[in-house]
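> Curious how this folds, go ahead:
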Amino acid sequence: MSGEVSSVKVAVIGAGSIGMAFAIVFASAGHRVTIYDTDPERLGMARDELASALSDLARHDLLQENASAVLTRIAVTGDLAEAVQGALWIQECAPEKLDLKRALIADLDSLAQPDAVIASSASAIPSSQSTGHLPGSRRCLVCHPANPPFLLRVIEIVPHAGTDPAVSAFAREFLSACGMQPVMVGKEIEGFVFNRLQGALLREAYCLVRDDVASVEDIDTLVRDGLGLRWSFMGPFETVDLNTRGGLAAHAEKIGPAYRRMGLERGQDDPWTDALVDKATAQRRSLLPLEGWDERRAWRDRRLMALIRHRRNQEVAP
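Predicted structure coming up:
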């Protein structure tokens, strides 16, 4: 592995939706990409699917060059050794099955050049489970994207205890250069961060449907037209920080006990202790001092106005 991140060979292992989307991410960043899959039918459909997606991106001014130029950097193969030959970055995108990933990544470890990084797109399986047994486990880690990664540009970098820190640093540099927004996950945990946040909301949503509190449609409405509007440009901490004058600490004091009771109702006892609130508040105040609270709240309102106007324009567009 070297520190060079421009114009490298990339192997994408798996021609499913995530693999195809990753191919677009890497090729649109100027890299040469080879997509591997065991299914000839999937490989046969790949170029048409890629061309269609790239055409849509170009039509929305989301490509830096002509779609056909990006497509010329993408090849397909049913030969795993051919796919990884000369590759500096290998993005494994196999189905979420531990036995499958363990066997596949073992093959990748034996075939890939010694300095290649092997990144798994696993949604919940920590890298230590799929790669900890390998001779080359030091160059393995999870790089879990949102779906589709060519549009939702966040990606979690999750090393295991044996991952070389230089590999983690290179992953962050490489993915940033590809236009991604890497988030370094501090320790291995099933589901990582993205799916734990998504799962928390889904668990409660299913409970509300089960208990006849709200319908599927009503819950989607509340998230789409309420929570989702704010969350499209702010995270949950900034959202509640701006909801209550005095910021995060004031919000926790007012609503924290109610949230604890809601959690206890579901069998979860994770109180917002004073130490935890102080820790979160200190991080928020380092990003936004209270003196800037009124200005930031006005910014939030203007962003919401722009979003609502955009949505209304989209609804009446032919």
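
> residues of stretch 46-57 that come out buried?
Residues of stretch 46-57 classed as buried under the neighbour-count rule (16 or more other CB atoms under 10 Å) are 46, 50, 53-54, 57. C-beta here means a position set from N, CA and C on the backbone, and glycine is covered the same way.

> oh, I was asking about stretch 289-297
Of all the residues in stretch 289-297, those buried under the rule 16+ other CB under 10 Å are 293, 296.

> cool, and stretch 210-217?
By 16+ other CB under 10 Å, stretch 210-217 has no buried positions at all.

> Go ahead and confirm A280 touches H251.
No - judged on CB atoms under 8 Å, A280 makes no contact with H251 at a distance of 10.2 Å.

> These two: who's more crowded?
H251 (21 against 17; other CB atoms under 10 Å).

> Doesn't L227 belong to a strand?
No - if the criterion is DSSP: H, G, I helix; E, B strand; the rest coil, then L227 is helix and not within a strand.

> Tell me how many other residues crowd it.
Neighbourhood size, L227 [other CB under 10 Å]: 13.

> now do the one 3 residues further on
A count of nearby residues for R230, using other CB under 10 Å, gives 19.

> I'd guessed it sits against L304; true?
Yes - counting by CB under 8 Å, R230 sits close enough to L304 to count as a contact (7.2 Å).

> where does D278 fall, phi/psi-wise?
Main-chain dihedrals, D278, degrees, to the nearest 10: phi -60, psi -40.

> The nearest residue to it once chain neighbours are set aside - how many residues pack around it?
Computed as CB to CB, 6 or more residues apart in numbering, the closest residue to D278 that is not its neighbour in sequence is A249, at 7.8 Å. Residues near A249, counting by other CB under 10 Å, number 20.

> Contacts only, for A249.
For A249, the contact set (CB atoms under 8 Å, 6 or more residues apart in numbering) comprises 277-278, 281.

> Buried ones among those?
With burial judged by 16+ other CB under 10 Å, the buried subset of these is 277, 281.

> List just the nearest of the contacts of A249 to R172.
Distance to R172, by CB to CB, is smallest for T281 among these, at 27.2 Å.

> Now name the helix or strand holding the closest one.
Element membership for T281 (DSSP states H and E) is helix 274-287.

> Tell me the helix or strand right after that helix.
Using DSSP H and E, the next helix or strand after helix 274-287 towards the C-terminus is helix 293-316.

> got the contact list for that next one?
Identification of contacts with helix 293-316 by CB under 8 Å, 6+ apart yields 229-230, 232-234, 242, 245, 247, 288.

> and which of those residues is nearest to S110?
In terms of CB to CB, no member of those lies closer to S110 than S232, at 43.6 Å.

> And the buried residues of stretch 46-57, which two are furthest apart?
Farthest pair in the buried residues of stretch 46-57, by CB to CB: A46 and L57, 16.3 Å.

> which residues of the stretch 201-318 of the chain score low on pLDDT?
Scanning the stretch 201-318 of the chain for pLDDT under 70 picks out the ranges 316-318.

> Next up, the contacts around the nearest residue to S28 once chain neighbours are set aside.
Nearest residue to S28, sequence neighbours excluded (CB to CB, 6+ apart): V70, at 5.1 Å. Residues near V70 by CB under 8 Å, 6+ apart: 24, 27-28, 54, 63.
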